[in-house]
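*Asks:* got a sequence here, can you model it:
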Amino acid sequence: MSTYERPAENEFRTIEQAIWAAPPHRLAEVANGLVGRYANGGDAGILLIDYRQAFLVPTVPGRQDVPVDNTLPGRAFASQRIAWEPAREDGGRLVHLPLSVQGERLGVLTVSLPDGGPGWLEDFAIVVARALKMADQGTDLFRRIRRRTRLTLAAEIQWELLPAPSCDAAEFHFAGQLEPAYAVWGDNFDWAASEERLTLTVSNGMGSGTDAAVLTHLAISALRNARRSGGDLVEQAALADQTLYARHRGERHVDTLLLDFELATGRVRAVDAGSPLIFRVRGGAAESIRFDAQMPLGMFGDTRYAVEEFTVEPGDRLVVVSDGVHAALSPSGVPFARSALARALRATRMQEPPEAVRTMIRYFLDFHDDTEPADDAVIVCLDWTGRAAGPGADEPGRADGPVSGGV
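*Replies:* Numbering: from 1, shown residues only. Here you go, the predicted model:
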C-alpha cells in the first residue's frame with residue numbers, strides 16, 4: 001500500500017480499534033507499531049509538550065528533547081500545521097503532525113516515511129491525540145514524561161487543579177499558562193463553557209508554597225461547586241468568600257477576577273475581587289478595563305459582591321494577568337506594567353492565544369534578566385470571534401462598560 005493512500009475503510013477502522021484498545025501506558029508503543037505496519041515500515045514517535053511549553057519530550061526512551069523554538073517539530077506544534085523535513089537521498093522524509101484536541105495542544109507525532117506524503121496520517125494523528133487525552137487519566141506515564149524536572153508539591157496541586165490550558169470554540173479561542181511552571185504556588189485559572197456561556201476565573205492565593213496552593217485549591221473548588229449548582233457570579237464569589245473565611249477567619253484570602261461571557265451577545269459580567277488585571281486589545285490598541293475594587297475572597301465572609309458589565313466584539317482580545325505579572329519589578333526596580341507589558345501585548349497581537357501566552361511568558365522572564373521572579377504568575381489570553389446574532393439578540397458592543405487608560 002502506498003503511503004499516498006489512506007488504508008481502506010475497514011483497515012483504518014482496525015487501526016482506530018487498536019488505538020482505543022491499547023492500555024493507557026502502552027498507547028505510544030501501539031501507535032508506533034501501527035505506523036510501522038501501515039506506512040511501509042516507517043518509524044514514529046510521539047513528542048509531548050512539557051509543562052513550561054518550551055520543549056517537546058519524546059515518549060520513546062533515549063531520544064532527545066526538542067526545543068519548540070527554531071525546530072520543525074516546534075513549528076508544527078506552534079503553527080498547528082504539518083511540517084516536513086527536507087527529503088533524504090533515499091527519498092524518505094520526516095513529517096511532523098500536531099496533536100491537539102479542541103484546541104488543547106498535546107504535542108507532535110513525528111513519522112519517518114520511506115516515500116510519499118502524509119495521506120491518512122492526518123486522520124491517524126487526530127485519533128492518537130484523542131486517545132492520548134483519554135489515556136492521560138489512566139496512567140502517570142505521560143505526566144512523568146512531560147516534566148523535565150521535578151514539580152514542587154505546590155505545583156503538583158496547581159496543575160492537577162487546572163482545566164485544559166487552551167481551547168478553541170466557535171465564539172472564542174483561549175489559552176493560559178502558569179509560571180514558574182515547575183514551582184508555581186498560588187496563581188491559577190479556571191474555565192467552563194456551555195452552549196450559552198463561558199465562565200472564566202483568574203485567581204491568586206495569598207502566600208507561597210503549599211499553603212498558597214491549598215488555599216487556591218479550596219477557593220476554586222468552592223467557585224466550581226456554586227457554578228455547577230447553577231449559581232451566578234455573585235453566588236460563586238459569596239460561597240468562596242464564606243468558605244475561606246470559615247477556614248481562615250480573614251487571615252488568608254484569594255484575589256480573584258470572575259468573568260461570565262454571554263456567547264450570543266458578547267456581554268460580559270464581571271466580579272473584581274482582587275488583584276488580577278484585564279486588558280482589551282481592539283483595533284491594535286490596548287486598554288485596561290477597570291472595575292470598582294471589591295474585597296478579596298475570604299476577607300470577611302459576608303461581603304456583598306456586585307456585578308459590573310462590559311462587552312466584547314468580534315476581533316477583540318482580552319489578556320488577564322495576575323499581580324505576579326503586572327506588579328513585577330526588574331532588577332533595577334522598573335515595574336513590568338510600565339512599558340514591558342505594553343510591548344508584550346503589541347508583539348503578540350498577530351499570534352494565536354497559545355503562542356501569544358508563550359511569547360508573553362518569555363517577555364516576562366527576559367524582563368528579570370536571569371534573576372528569579374519574586375512572585376508566581378498567570379497569563380490568560382482570550383480571542384473573541386463571536387456568534388451570529390439571532391432574532392432579538394442584543395447588538396454586541398452597545399454597552400461598553402468601565403474602560404480606562406491605555407497600556
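*Asks:* just checking, what's the longest helix in this protein?
*Replies:* Taking DSSP state H as the criterion, the chain has its longest helix at helix 209-228.
*Asks:* so what does it touch, helix or strand wise?
*Replies:* Applying 3 or more Cβ pairs under 8 Å, 6 or more residues apart in numbering; DSSP states H and E, one finds that helix 209-228 contacts helix 153-161, strand 187-193, strand 197-205, helix 233-248, strand 254-262. Using the backbone N, CA and C atoms, a C-beta is placed for each residue, glycine as well.
*Asks:* dump the ones you listed into JSON lines; add mean neighbour count, distance to residue 145 and mean pLDDT as well.
*Replies:* As requested, the helices and strands packed on helix 209-228 are exported to JSON lines (neighbours: other Cβ atoms under 10 Å; distance: least, Cβ to Cβ, whole Å; pLDDT from 0 to 100):
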{"stretch": "helix 153-161", "mean neighbour count": "19", "distance to residue 145": "14", "mean pLDDT": "97"}
{"stretch": "strand 187-193", "mean neighbour count": "22", "distance to residue 145": "23", "mean pLDDT": "97"}
{"stretch": "strand 197-205", "mean neighbour count": "25", "distance to residue 145": "28", "mean pLDDT": "97"}
{"stretch": "helix 233-248", "mean neighbour count": "21", "distance to residue 145": "34", "mean pLDDT": "98"}
{"stretch": "strand 254-262", "mean neighbour count": "25", "distance to residue 145": "32", "mean pLDDT": "98"}
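*Asks:* reformat those as JSON lines; add distance to residue 26.
*Replies:* Formatted as JSON lines, these follow (distance: least, Cβ to Cβ, whole Å):
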{"stretch": "helix 153-161", "distance to residue 26": "23"}
{"stretch": "strand 187-193", "distance to residue 26": "32"}
{"stretch": "strand 197-205", "distance to residue 26": "36"}
{"stretch": "helix 233-248", "distance to residue 26": "41"}
{"stretch": "strand 254-262", "distance to residue 26": "40"}
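*Asks:* nearest to residue 92, of these?
*Replies:* Closest of these to residue 92 is helix 153-161, at 38.3 Å (criterion: Cβ to Cβ).
*Asks:* so what secondary structure elements neighbour the helix or strand just after the closest one?
*Replies:* The C-terminal neighbour of helix 153-161 among helices and strands, as given by DSSP states H and E, is strand 166-168. On a contact count with 3+ Cβ pairs under 8 Å, 6+ apart, strand 166-168 meets strand 104-113, strand 172-179.
*Asks:* and the longest one, what's buried?
*Replies:* It stands for strand 104-113. 104-113 (16 or more other Cβ atoms under 10 Å).
*Asks:* ok, and the closest non-adjacent residue to residue 387?
*Replies:* residue 171 (5.0 Å; Cβ to Cβ, 6 or more residues apart in numbering).
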